[in-house]
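Novice: Please find the sequence and the predicted model below.
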Amino acid sequence: MARQLAPPFVKFLGTGGARFVMTRQLRSTGGFWVGYRETFLHVDPGPGALVRCRTSRPPLKPEKLTAVVLSHRHIDHCNDVSVMVEAMTLAGTQRRGAVFCPEDCLTPHSVLFPHVLEFLPTPPVVLRPGQRYEVGDIVLSIPLQHRHPVETYGFIFEIGDVRLAYIADTAFFEDLIPAYRGCDVVILNVTLAQPKSEVQHLSLPEAFELMVNLNARSTLLTHFGMEVLRSKPWTIAQEWTQKTGRTVIAAEDGRYFELRALLGK
Ligand SMILES: [Zn+2]
């Protein structure tokens, strides 16, 4: 039987961000999968990631994962990394898969339980800004370090003929614009309704400015904090679509996007 090759896709297992949305699970916090052909990456497996994989329709099978990728060590992004490695390696019975993460996810205090490191064929790959990593059929690159209280990176995924950016947690700064320009689809973590100088997260007005300047065909908003949820991100996405003529969608838990279809390819 011919093997099924996945089209370039993103599937959200969670769209909640920050402490209170996470602890109350107002939105799930399982991160998202990026897939293409037979390569599958689980990005930012926060609390509930494994449960969301198994209960998703159709279920996502962690034993098919190529790698788990962490943008940073905050608990809403990495809580389930050990259990995902357990699942990816069939409880350690198969040494397979990989982990990519910033250095401070490993030292001085690892966010992975020590025993799961032994299940991996190679030690976790330490991410560095400016580097490019070939992971199966997907190329992962890191344009720059974000401004966030811990070492944090966003990613550009080259998936077939689609360039997908993931702008993980960060304060707004001008260098983000050239770093992520030229992508077809941008996933944007929008945690605050209004800018707060003491909190290094993107707010709605900053996300709008970034979106306009990046000028991607499609922007997927996610990682919503409490005030963003109260502001109804789905209506904000509609307003931004009308204002800019670009597609803006507020992601929802469990939502699957086939990227070429999203781009009208
Ligand atoms: Zn964070």
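Specialist: Structure's in. What do you need? Note that the coordinates shown come from a computational prediction; the quantities given were computed from them, not determined experimentally.
Novice: Return the distance of the most centrally placed residue in the chain relative to Phe100.
Specialist: The centroid of the chain falls nearest to Val43 when counting by CA atoms, centre = their mean (4.6 Å). Going from Val43 to Phe100 by CB to CB, to the nearest Å gives 9 Å. C-beta here means a position set from N, CA and C on the backbone, and glycine is covered the same way.
Novice: With Leu188 instead?
Specialist: Distance from Leu188 to Phe100, by CB to CB: 21 Å.
Novice: Tell me which of the two has more neighbours.
Specialist: Leu188 (25 against 22; other CB atoms under 10 Å).
Novice: helices or strands up against whichever strand or helix holds the more buried one?
Specialist: Per DSSP states H and E, Leu188 falls inside strand 185-189. Packing partners of strand 185-189 (3 or more CB pairs under 8 Å, 6 or more residues apart in numbering; DSSP states H and E): strand 162-167, helix 204-214, strand 218-222.
Novice: Turn the ones you listed into TSV, including mean pLDDT.
Specialist: Shown next, in TSV, are those (pLDDT from 0 to 100):
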stretch	mean pLDDT
strand 162-167	98
helix 204-214	97
strand 218-222	98
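Novice: Which one of the ones you listed lies nearest to Asp104?
Specialist: Closest approach to Asp104 among the helices and strands packed on strand 185-189 (CB to CB): strand 162-167, 18.9 Å.
Novice: tell me the angle of the closest one relative to strand 185-189?
Specialist: Computed by axes from the mean of the first three to the mean of the last three CA atoms, to 10 degrees, the angle separating strand 162-167 from strand 185-189 equals 10 degrees.
Novice: Strand 162-167 and the ion in contact?
Specialist: No - no part of strand 162-167 sits near the ion under the criterion CB under 5 Å from the ion; the closest distance found is 12.3 Å.
Novice: neighbouring contacts of that strand?
Specialist: Applying CB atoms under 8 Å, 6 or more residues apart in numbering, the external contacts of strand 162-167 come out as 8, 10, 34, 43, 71, 154-157, 176, 180, 182-189, 202, 210, 214, 216, 259-260, 263, 265.
Novice: what about Ala91, how many neighbours?
Specialist: Ala91 has 12 neighbours, counted by other CB under 10 Å.
Novice: Revised request: answer the last question for Leu220.
Specialist: By other CB under 10 Å, 24 other residues sit near Leu220.
Novice: Ala171 too?
Specialist: 18.
Novice: Which residues of the protein lie near the ion?
Specialist: 74, 169.
Novice: roughly how far is stretch 55-64 from the heart of the chain?
Specialist: 17 Å (CA atoms, centre = their mean, to the nearest Å).
Novice: Tabulate the CA atom coordinates of stretch 6-21 in PDB.
Specialist: Output of stretch 6-21 as PDB, limited to C-alpha atoms (Å, rounded to 0.1, in the frame of the first residue of the first chain):
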ATOM      1  CA  ALA A   6       0.900  14.700   4.500                       C
ATOM      2  CA  PRO A   7       0.500  18.000   2.800                       C
ATOM      3  CA  PRO A   8       2.100  21.000   4.500                       C
ATOM      4  CA  PHE A   9      -0.100  21.600   7.600                       C
ATOM      5  CA  VAL A  10      -0.400  23.200  11.000                       C
ATOM      6  CA  LYS A  11      -2.700  21.800  13.600                       C
ATOM      7  CA  PHE A  12      -3.300  23.700  16.900                       C
ATOM      8  CA  LEU A  13      -3.600  21.600  20.000                       C
ATOM      9  CA  GLY A  14      -3.900  24.700  22.100                       C
ATOM     10  CA  THR A  15      -4.400  28.500  21.700                       C
ATOM     11  CA  GLY A  16      -4.200  29.600  25.300                       C
ATOM     12  CA  GLY A  17      -1.300  31.600  26.700                       C
ATOM     13  CA  ALA A  18       0.000  33.000  30.000                       C
ATOM     14  CA  ARG A  19      -0.700  31.900  33.500                       C
ATOM     15  CA  PHE A  20      -4.400  32.300  34.100                       C
ATOM     16  CA  VAL A  21      -5.700  31.100  30.800                       C
END
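Novice: Alright, I will stop here.
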